[in-house]
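Novice: sequence first, predicted coordinates after that:
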Amino acid sequence: MPTIIMGKLASKLDGSIHGKAMAFLQKLSVDDTTPGLHVEPIQNAVDPRVRTGRVNDSWRAVMFRLDSNDERHYVIHGIWPHDDAIAVAQRVRLSVNPINGLPQIEEIALPAAPSAPVPPNTALPDGQPLLARLGHDHGALIDTLGLPNDVADQALAAADEDAVLDLAQRYDGWIGTILVDLAAGDTVEAIVARMQLEKAAPSGDDDADVLHSLMRPAAALQYAFIGDQEELRRVIEHGDFGAWRVFLHPEQRRYVERSYSGPFRLSGGAGTGKTVVLVHRARALACRDPQVRIVLTTFTTNLAEALSDSLTQLDPRVPQTKALGQPGVHVTGVDALASAVLRGAGSSLSFAMREVLGEERSAPIARTVGTRWREAIESVDTSLSPELANEAFLSTEYAHIVLPNKVHDEAGYLRVRRPGRGVALDRAKRSALWAIIAAYRAQSRIDGSLDFTEAAAVAAAQLARQIDKPADHVLVDEGQDLSPSHWQLLRALVGEHPDDLFIAEDAHQRIYGSRVVLGRYGIAIVGRSQRLTLNYRTTAQNLHYALSLIDSGQYVDLEDQPEATGYRSARTGPAPTIKSVDSLSDELQAVADHVRSWLDAGDAPETVAVLVQDRFHRDRVVTALNEHGIDARAVDRDRPPAGRVPVMTMHRAKGTEFSKVVLAAGRPSPAELARLERLDPAERADAELRTQSLRYVAATRARDELVVVTRP
Ligand SMILES: Nc1ncnc2c1ncn2[C@@H]1O[C@H](COP(=O)(O)OP(=O)(O)OP(=O)(O)O)[C@@H](O)[C@H]1O
């Protein structure tokens, strides 16, 4: 039975022939001599391995047949109308690039790609094209990276980053990826290492050499070995949108497949494919051993639902279990995970509750009301300044110091170390703060309830006592938003062994809570951390704008190190539109105008989104859009609706993506400004950082076009 190797080009099929292509490839993978397939060589073809096959009366597949070790493989190059297919088949050649060991397809007698003219050097601002300015020459591009001559010529002539990116867009696979890296200013050595390039060592068996090259990590950018019919269907039916399921970057593949001796941290900017790595890794772990118990978790239930959907899209056969502790993948929000642990423990929780709180709660599943800190502050006659006696300071102090250190009383709080908290507290202040914390706990005790951080802390203490852990592997998305108790919970969920914790995070996207250093909660990364830098989602123009929003901030990652930027995008598009308006009614009009123009141009409503500051503004925007005859819908806990324009808060937009986005961030309300004014300087600086991050998150939701409507 031949093996099918699908090229990325071949997955971009005309929708009208999906069914026929599927049937053709299915039959081919069973028996290439099946009557009706007409698998035939082509006369005068430059590559004797080339074959065409009959998809239907009008369409033909062009492929390469490789025979090695009694096994037959077909590399599917593409499917074209009959005459075009014959013409393509005559001039294509599949070979191994001798410099980098990767498979390459050349089109003999025609230029390798339809090339738009490259702007002449005379127009260059400082006389030299980009790559020359960066110190690259023909030798580096051709002899070290293995770029084809004509591509290297065009790249070296390209004036600036945009011109190199335009060129990159014309090449799928490793050529396009190397061009993007060059445009971003990477050294040749860095590219060789990242792409794992290696000179080819011919064995004398050409077909075996090509097969070997197709198995190289960077070949996975462009070629996929199809394991079964289901995989074939996914590649064919979803084309470019399904690319993440099949064609991984060599770095992504490494993080999917590698085993790590302990907790591993994967950082990367918005859209660099962190979630894709997590979902693939969950599948890889489940396939390796169907008995293992995998927890795939993230900050909110909405994000967990999206993860679960992605895992189903990637592979519906991976068992997703609803219950913690069962074989398969349990996808859940981290607070829901804590609740599940508490529910499962039943009456045996008392020890953990006493350990964390020094007392018990009668109904630990009930959640403490959100206004409890304010009530506690108001109930105590405090001498503290408003900079300390406010909900933000107290809830952070409680989550970052009191709970993780299991402080039960004033004496304990007077002694506890407070690393990472900006404000120094003398004895009198600690006593006064404890009075409020005691009032908070007293009222919750009366209700019998726990707040979310308490629930996670109690669940962590409960699990820490268990010898049999309910998970074998824990995969975490949006790690930057988790609290210390969450980390204690996740640490206690899985024993300390290889591949225990795999954490994806982006410090620039922290929009909840305060920053955390993992090492303080028993999660030692020690050198097991890597970064993704290629943005798959956002155009270079939108990415540039989004990065400008976080330019001035000091961001620190989960290992307490400054967060780097230096992201690059593989796609280009129009510059973001920044529209300044004077009034609310002008803002609503501008939002409606942009949405209307996209819909009129044929964009599907669900691919266009409006992102706003808060729920109040969201509902106003929905009403305004409806009044303009646009079918818009406020999105909260539910999934974005099909056939309608989703309007959502920037917080809710985390983890989503749309083709076109209007960002109507508005102005902070006077009440919000007054609240910020009352915070102590360290808390205020952190709140401002979160505000910048929120805009960065929102701006990076747009794949193709971004409009920002601002009011001074
Ligand atoms: N190898 C790939 N090939 C094609 N598309 C990819 C690939 N990897 C990721 N993508 C696409 O890039 C987009 C962003 O990926 P993903 O959501 O995993 O990024 P992320 O780093 O988790 O982003 P964020 O932090 O903003 O949530 C998605 O549309 C995804 O399908």
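Specialist: All right, it came through fine. Residues are numbered from 1 along each chain as shown.
Novice: what's the closest non-adjacent residue to the closest residue to the ligand within the stretch 351-500 of the chain?
Specialist: Using C-beta to the nearest ligand atom, the closest approach of the stretch 351-500 of the chain to the ligand is made by residue 477 at 6.9 Å. Quick note: C-beta positions are derived from backbone N, CA and C, even for glycine. Once flanking residues are discounted, residue 477 sits nearest to residue 298: 4.0 Å by C-beta to C-beta, 6 or more residues apart in numbering.
Novice: show the pLDDT at the one you found.
Specialist: Looking at residue 298, its pLDDT is 97.
Novice: show me what contacts it?
Specialist: The contact partners of residue 298, by C-beta atoms under 8 Å, 6 or more residues apart in numbering, come to 304, 307, 333, 334, 476, 477, 478, 655.
Novice: can you do 10 Å?
Specialist: Neighbour list for residue 298: 275, 278, 304-307, 331-334, 475-479, 481-482, 504, 654-655 [criterion: C-beta atoms under 10 Å, 6 or more residues apart in numbering].
Novice: is it true that the residue of the stretch 351-500 of the chain closest to the ligand touches residue 505?
Specialist: Yes. Contact criterion C-beta atoms under 10 Å: residue 477 and residue 505 qualify, at 8.4 Å.
Novice: got any residues that touch both of the two?
Specialist: Contacts common to residue 477 and residue 505, judged by C-beta under 10 Å, 6+ apart, are 266, 274.
Novice: up against the ligand, what does this protein have?
Specialist: Counting by C-beta under 6 Å from any ligand atom, the chain comes close to the ligand at 243-244, 247-249, 252, 268, 270-276, 506, 509, 536-537, 655, 657, 700.
Novice: and if we set it to 5 Å?
Specialist: Residues of the chain lying near the ligand by C-beta under 5 Å from any ligand atom: 243, 244, 248, 270, 271, 272, 273, 274, 275, 276, 536, 537.
Novice: can I get the residues you listed in a markdown table with secondary structure, neighbour count and pLDDT?
Specialist: As requested, those are exported to a markdown table (DSSP: H, G, I helix; E, B strand; the rest coil; neighbours: other C-beta atoms under 10 Å; pLDDT from 0 to 100):
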| residue | secondary structure | neighbour count | pLDDT |
| --- | --- | --- | --- |
| 243 | helix | 19 | 80 |
| 244 | helix | 21 | 87 |
| 248 | coil | 22 | 88 |
| 270 | coil | 24 | 93 |
| 271 | coil | 24 | 93 |
| 272 | coil | 27 | 94 |
| 273 | coil | 23 | 95 |
| 274 | helix | 25 | 96 |
| 275 | helix | 20 | 97 |
| 276 | helix | 22 | 97 |
| 536 | strand | 18 | 90 |
| 537 | strand | 20 | 91 |
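Novice: contacts only, for the residue of the stretch 351-500 of the chain closest to the ligand.
Specialist: Residue 477 makes contacts with 266, 274-275, 277-279, 296-299, 303-304, 306-307, 334, 502-505, 655, as judged by C-beta under 10 Å, 6+ apart.
Novice: out of those, which sit inside strands?
Specialist: Among the contacts of residue 477, DSSP state E puts 266, 296, 297, 298, 502, 503, 504, 505 in strands.
Novice: per-residue confidence for the last one?
Specialist: With respect to pLDDT, residue 505 scores 94.
Novice: run the chain-centre distance for stretch 451-459.
Specialist: Put simply, stretch 451-459 sits 27 Å off its chain's centre (C-alpha atoms, centre = their mean, to the nearest Å).
Novice: okay, buried residues for it please.
Specialist: Neighbour-count burial for stretch 451-459, counted by 16 or more other C-beta atoms under 10 Å, picks out 451, 452, 453, 454, 455, 456, 457, 458, 459.
Novice: distance from the chain centre to the longest helix seen in the chain, please.
Specialist: The helix spanning the most residues in the chain, taking DSSP state H as the definition, is helix 427-447. Chain-centre distance of helix 427-447: 40 Å, with C-alpha atoms, centre = their mean.
Novice: what's that helix packed up against?
Specialist: Here helix 427-447 touches helix 350-357, helix 372-379, helix 391-397, helix 410-415, going by 3 or more C-beta pairs under 10 Å, 6 or more residues apart in numbering; DSSP states H and E.
Novice: try it again at 7 Å.
Specialist: On a contact count with 3 or more C-beta pairs under 7 Å, 6 or more residues apart in numbering; DSSP states H and E, helix 427-447 meets helix 372-379, helix 410-415.
Novice: what's around residue 212, how many residues?
Specialist: 18 (other C-beta atoms under 10 Å).
Novice: what's the answer for the one 3 residues further on, then?
Specialist: Other residues near residue 215 come to 12 when the count uses other C-beta under 10 Å.
Novice: what sits closest to it if chain neighbours are left out?
Specialist: Closest to residue 215 by C-beta to C-beta, 6+ apart is residue 225, at 7.8 Å.
Novice: give me the low-pLDDT residue ranges for the chain?
Specialist: Where the chain drops to pLDDT under 70, the residues are 11, 109-126, 238-241.
Novice: determine how far stretch 410-423 lies from the middle of the whole chain.
Specialist: Per C-alpha atoms, centre = their mean, the centroid offset for stretch 410-423 relative to its chain is 36 Å.
Novice: from here on, count from 292
Specialist: Happy to do that; since the first residue is 292 now, the last one works out to stretch 701-714.
Novice: may I have that stretch as CSV, with CA atoms only?
Specialist: The C-alpha trace of stretch 701-714 is given here as CSV (Å, rounded to 0.1, in the frame of the first residue of the first chain):
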residue,chain,number,x,y,z
GLU,A,701,-1.7,38.1,62.8
ALA,A,702,1.4,36.6,64.3
GLY,A,703,2.0,34.6,61.1
TYR,A,704,1.4,37.7,58.9
LEU,A,705,3.9,39.8,60.9
ARG,A,706,6.6,37.2,60.2
VAL,A,707,5.9,36.3,56.6
ARG,A,708,8.4,37.2,53.8
ARG,A,709,6.8,39.2,51.0
PRO,A,710,9.2,38.9,48.0
GLY,A,711,8.0,40.6,44.8
ARG,A,712,5.5,42.9,46.5
GLY,A,713,6.4,46.5,45.7
VAL,A,714,5.4,48.1,49.0
